[in-house]
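build me a structure from this.
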Amino acid sequence: MKFGSNPKRIEPSYADQLLVSVSGVPLKAKCNSAALVELDTNAGAAISKLRKIHPPAHVVIVSPRHDAFEELADSSELYPEFDRAFEL
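Here you go, the predicted structure:
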């Protein structure tokens, strides 16, 4: 998968709402941290790859066929970049 932008930090509660909106099922567990990143990879190919590797996190691919897609596309510039630096 290729990212088309740097990850942006979004509120975990908003990410939970997106997950429910896209999957159509209630959550079993809420997330603690969430990020939004644009993919340069076709949504179907990305979903197929994720199914094979079973990542240890909620990963939601919101494609243009989802109602939330346009909202995310319009507001993505408002979110701060995700700080990937870890201080020990």
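
contacts and neighbour counts: CA atoms only from here.
Will do.

tell me where the chain has helices.
Remark: helices assigned in the chain by DSSP state H are 12-23, 43-53, 68-75.

packed most tightly, which of those would that be?
For these, the largest average neighbour count (mean count of other CA atoms under 10 Å) is found in helix 12-23, namely a mean of 16.

that older thread, distance to V62 and mean pLDDT added to the helices of the chain, as a markdown table?
Output for the helices of the chain, formatted as a markdown table (distance: least, CA to CA, whole Å; pLDDT from 0 to 100):
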| stretch | distance to V62 | mean pLDDT |
| --- | --- | --- |
| helix 12-23 | 7 | 89 |
| helix 43-53 | 8 | 86 |
| helix 68-75 | 6 | 86 |
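
nearest to S5, out of the ones you listed?
helix 68-75 (12.0 Å; CA to CA).

among the helices of the chain, which comes closest to A29?
For the helices of the chain, the distance to A29 is smallest for helix 12-23, at 9.0 Å, taking CA to CA.

dump the closest one to CSV, keeping only the CA atoms.
Output of helix 12-23 as CSV, limited to C-alpha atoms (Å, rounded to 0.1, in the frame of the first residue of the first chain):
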residue,chain,number,x,y,z
PRO,A,12,-10.8,8.4,18.6
SER,A,13,-14.5,8.9,19.1
TYR,A,14,-14.8,10.2,15.6
ALA,A,15,-12.9,7.2,14.3
ASP,A,16,-15.3,5.0,16.2
GLN,A,17,-18.2,6.7,14.5
LEU,A,18,-16.6,6.2,11.1
LEU,A,19,-16.0,2.5,11.8
VAL,A,20,-19.7,2.0,12.7
SER,A,21,-20.8,4.0,9.7
VAL,A,22,-18.6,2.0,7.2
SER,A,23,-19.1,-1.4,8.8
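
hang on, the earlier thing: with respect to C31, which of the helices of the chain lies nearest?
Among these, helix 12-23 comes nearest to C31, with 5.7 Å by CA to CA.

and the closest one, what does it pack against?
helix 68-75 (3 or more CA pairs under 8 Å, 6 or more residues apart in numbering; DSSP states H and E).

chain center to the helix it packs on: distance?
Helix 68-75 has its C-alpha centroid displaced from the chain centroid by 12 Å (CA atoms, centre = their mean, to the nearest Å).
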